[in-house]
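Trainee: Coordinates for the following, if possible.
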Amino acid sequence: MAASGPMEGSPGRSLSQGRCAKIICTLGPSTNSDEVVDRLLQAGMDAARINLGLGTPGDHVARIRRLCAQPGSKRRPVAIIADLPGRRIRIGRLDAGRAQLEVGDLVTFSRDRGELGNGARLPVDDGLFHDNMARGDQILLSDGLVELVITKISNAELEAEVIAGGAVMERTGVHAPGMPLQGGPLTQADLPLLKMAVEQRVDYLALTYITDASEILAVREQLEKLGANIPLVVKIERLEAFARLDGILKRSDAIMIRRGDLGAQIEVTRVPLVQKEILRLAQSAGVPVIIATQMLGSMISSPTPTRAEASDVSNAIADGADGVLLSSETAIGKYPVESVSMMARIISETERERIHPPPKPRAETFPSPFADTTASIAVQAAEHTRAKLIACFTESGRTARLVSKYRPSVPIIAFCSNDETRQRLAVHWGVRSDKLEISRDVETTVKNVEERLLSRGLVRHGDRLVIVFGAPVGEKGHTNSVRLHEVGGRTN
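Mentor: Numbers count the residues shown, from 1 in each chain. As a prediction, this is how the structure comes out:
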């Protein structure tokens with residue numbers, strides 16, 4: 001999404017008033033109007049998720065274009081995350097869009113050929129039907145809330161008895177815990193969607209049901225064939241992915257913890273502990289983490305969340321999540337704008353009370369790369385000198401991402417001329433950005449940054465800044481310099 005314009009926030013607004021953790025909103029039927037999308041932006045949406053598994057390609061393109069056309073998306077960068085369906089098995093279309101399953105009901109799962117299903121017969125993707133299925137196996141629907149047990153198997157159908165009932169929505173996931181996945185990370189149905197996402201110049205691609213690093217490489221190879229290099233958000237929603245997390249982190253640009261799917265794969269009592277462990281490992285590796293699923297679920301139909309949901313969001317922020325995602329709350333809920341506003345309020349309240357300590361590098365990272373060490377030194381310098389902010393000169397965004405890893409207690413502002421970089425930085429913790437041409441002469445760039453900050457009322461004479469950049473200035477891949485600067489005074 002092409003974006004340009006001034007720094008995030010308004011002139012004169014205190015830097016301390018900004019949120020660090022980011023809000024990602026799923027766009028859907030509830031956001032199919034210019035007014036609602038603009039209100040989402042005003043309420044605090046930092047990135048938009050387009051669920052390519054729901055709706056038509058025309059729907060997806062329309063939502064992307066609607067977002068790009070909003071004035072709010074031109075005032076500050078907003079990232080677009082296109083979420084590919086992958087190998088996830090989904091329920092097909094249902095009469096009235098949903099079905100109610102009661103304990104003791106017998107339900108037939110049939111191969112989805114486009115027919116409408118109901119509470120007695122659920123059409124599902126072909127992936128559910130394979131030789132490993134047996135009587136007594138478990139099937140979970142609605143993020144594990146609805147449970148069935150297989151009672152009969154034939155080539156084209158499965159019959160199952162409802163053990164725990166509830167509402168089931170069309171195009172939602174079907175889980176068979178313990179069953180291996182079939183095929184590669186991209187299905188034939190994904191390929192045209194991938195091409196569409198590339199053509200629409202989305203900022204991130206989210207990958208479904210990834211099990212190891214080799215599958216991430218396979219997706220990158222497919223992108224290369226399309227002449228694209230889009231950052232990848234890998235969703236952690238399978239037990240295999242958690243077991244192979246180290247390799248996945250090395251190949252990912254960000255990860256998303258999909259707790260609904262993950263909770264259908266492991267004991268629900270372990271989900272909070274697994275979430276904390278993923279956050280710990282990802283922070284150490286400098287990989288952003290987005291927490292997803294059931295964050296403010298009650299706000300699908302209520303204007304306020306439960307206390308437990310507010311605590312859940314707050315704990316995710318306190319644990320160091322880069323972002324939190326709203327899915328059904330904004331896609332199909334009655335209160336999409338209120339959900340974003342509430343999320344922003346909870347984040348802000350939590351961040352006012354908490355200081356995130358920088359993660360300790362793992363032993364195997366020693367000796368630490370120059371860029372990583374430079375970012376760590378910049379954060380220490382900012383805190384020791386009580387600097388007003390950390391200014392990063394970056395074209396690729398790498399410098400700002402590295403500084404974000406160490407969770408400084410002062411704001412991070414990335415200065416760059418590249419709109420694409422600014423949009424991609426919109427999902428990184430604590431990073432704001434400003435469009436500015438970076439001169440190869442460091443003194444000229446420092447002067448331009450100082451003038452920009454003064455004109456916006458973000459600093460005053462005598463304030464201290466920490467400036468991080470790469471020398472030679474303007475070349476990618478070099479984060480090796482830290483400078484201390486006093487506004488209106490000298491640079492050290």
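Trainee: Could I get the full set of strands for the stretch 201-350 of the chain?
Mentor: With DSSP state E, counting those that start in this stretch as the criterion, the stretch 201-350 of the chain has strands at 204-207, 232-236, 254-258, 289-292, 323-326.
Trainee: Just put these in a markdown table and tack on mean pLDDT, mean neighbour count and distance to Gly127.
Mentor: For the C-beta atoms, the positions are set from N, CA and C on the backbone; glycine is no exception. Listed next are these as a markdown table, based on pLDDT from 0 to 100; neighbours: other Cβ atoms under 10 Å; distance: least, Cβ to Cβ, whole Å:
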| stretch | mean pLDDT | mean neighbour count | distance to Gly127 |
| --- | --- | --- | --- |
| strand 204-207 | 98 | 25 | 16 |
| strand 232-236 | 97 | 24 | 17 |
| strand 254-258 | 97 | 26 | 17 |
| strand 289-292 | 97 | 26 | 22 |
| strand 323-326 | 98 | 25 | 25 |
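Trainee: Flag every buried residue along stretch 135-147.
Mentor: By neighbour count with 16 or more other Cβ atoms under 10 Å, stretch 135-147 contains the buried residues Asp137, Gln138, Ile139, Leu140, Leu141, Ser142, Asp143, Gly144, Leu145, Val146, Glu147.
Trainee: Over to stretch 205-214?
Mentor: Leu205, Ala206, Leu207, Thr208, Tyr209, Ile210, Thr211, Asp212, Ala213.
Trainee: For the stretch 201-350 of the chain, give me the ranges with low pLDDT.
Mentor: Counting by pLDDT under 70, the stretch 201-350 of the chain shows no low-confidence range.
Trainee: Could you give the bridge partners of the residue nearest the centre of the chain?
Mentor: Compute the mean C-alpha point of the chain, and by Cα atoms, centre = their mean the closest residue is Ile290, 4.4 Å away. Beta-bridge partners of Ile290, counted by DSSP bridges, are Met256, Gly323.
Trainee: Please name the residues that touch it.
Mentor: By Cβ atoms under 8 Å, 6 or more residues apart in numbering, Ile290 lies in contact with Ile24, Val233, Ala254, Ile255, Met256, Ile257, Ala321, Asp322, Gly323, Val324, Leu325, Val427.
Trainee: what about the third one, distance to Arg386?
Mentor: When you say that, I think you mean Ala254. In this view, Ala254 and Arg386 are 31 Å apart by Cβ to Cβ, to the nearest Å.
Trainee: what's the answer for the last one, then?
Mentor: Using Cβ to Cβ, we find Val427 at a distance of 28 Å from Arg386.
Trainee: which one of those two has more residues nearby?
Mentor: A count of neighbours by other Cβ atoms under 10 Å puts Val427 above the other of Val427 and Arg386, at 25 against 10.
Trainee: ok, Met299 to Ile153 distance?
Mentor: 40 Å.
Trainee: is it true that Ser409 touches His384?
Mentor: No: counting by Cβ atoms under 8 Å, Ser409 stays clear of His384, with 11.0 Å between them.
Trainee: Between those two, point out the one with more neighbours.
Mentor: More neighbours surround Ser409 than the other of Ser409 and His384, with 15 against 10 (other Cβ under 10 Å).
Trainee: ranges for the helices of the stretch 151-300 of the chain?
Mentor: For the stretch 151-300 of the chain, the helices defined by DSSP state H, counting those that start in this stretch cover 190-199, 213-225, 239-243, 245-251, 259-263, 271-285.
Trainee: Out of those, which is closest to Glu486?
Mentor: Glu486 lies closest to helix 271-285 among these, at 31.8 Å (Cβ to Cβ).
Trainee: is it true that Thr445 touches Cys392?
Mentor: No: between Thr445 and Cys392 there is no contact under Cβ under 8 Å: 11.3 Å.
Trainee: any common contacting residues for the two?
Mentor: With Cβ under 8 Å, 6+ apart, Thr445 and Cys392 have common neighbours Phe415, Phe469.
Trainee: Which one of these two is surrounded by more residues?
Mentor: Comparing Thr445 with Cys392 by neighbour count (other Cβ under 10 Å), the higher total belongs to Cys392, at 29 against 21.
Trainee: Could you measure from the more buried one over to Leu148?
Mentor: Where Leu148 is concerned, Cys392 sits at a distance of 52 Å (Cβ to Cβ).
Trainee: swap in Ile390?
Mentor: 53 Å.
Trainee: So these two - more neighbours on which side?
Mentor: Neighbour count, other Cβ under 10 Å: between Ile390 and Leu148, Ile390 has more, with 29 against 25.
Trainee: how distant is stretch 428-439 from the center of its chain?
Mentor: 19 Å (Cα atoms, centre = their mean, to the nearest Å).
Trainee: average model confidence for that stretch?
Mentor: The average of the pLDDT scores along stretch 428-439 is 91.
Trainee: Stretch 159-173 now?
Mentor: For stretch 159-173, mean pLDDT rounds to 93.
Trainee: And it, what's buried?
Mentor: For stretch 159-173, by 16+ other Cβ under 10 Å, it's Ala160, Val162, Gly165, Val168, Glu170, Thr172, Gly173.
Trainee: one step back: quick one: which of the buried residues of stretch 135-147 sit in helices?
Mentor: Among those, no member is found in helices (DSSP state H).
Trainee: Which of the residues you listed sits closest to Ile64?
Mentor: For these, the nearest to Ile64 is Asp143 (26.6 Å; Cβ to Cβ).
Trainee: So for the closest one, what's the nearest residue that isn't a sequence neighbour?
Mentor: The shortest distance from Asp143 to any non-neighbouring residue, by Cβ to Cβ, 6 or more residues apart in numbering, is to Gly260 (3.2 Å).
Trainee: do you know how far that neighbour is from Phe109?
Mentor: To Phe109, Gly260 is 20 Å away according to Cβ to Cβ.
Trainee: Looking at the two, which one has more neighbours?
Mentor: Applying other Cβ under 10 Å to Gly260 and Phe109 shows that Phe109 carries more neighbours, namely 24 against 21.
Trainee: about what we covered before: would you turn the strands of the stretch 201-350 of the chain into TSV with distance to Val61?
Mentor: What follows is the strands of the stretch 201-350 of the chain, written out as TSV (distance: least, Cβ to Cβ, whole Å):
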stretch	distance to Val61
strand 204-207	16
strand 232-236	20
strand 254-258	23
strand 289-292	24
strand 323-326	22
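Trainee: Can you say which of the ones you listed is nearest to Arg19?
Mentor: strand 323-326 (10.2 Å).
Trainee: Which other helices and strands does that closest one contact?
Mentor: Packing contacts for strand 323-326, counted by 3 or more Cβ pairs under 8 Å, 6 or more residues apart in numbering; DSSP states H and E, involve strand 22-27, strand 289-292, helix 307-318, helix 336-353.
Trainee: Mind putting these into a markdown table with distance to Ile248?
Mentor: Below are those laid out as a markdown table (distance: least, Cβ to Cβ, whole Å):
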| stretch | distance to Ile248 |
| --- | --- |
| strand 22-27 | 20 |
| strand 289-292 | 12 |
| helix 307-318 | 20 |
| helix 336-353 | 26 |
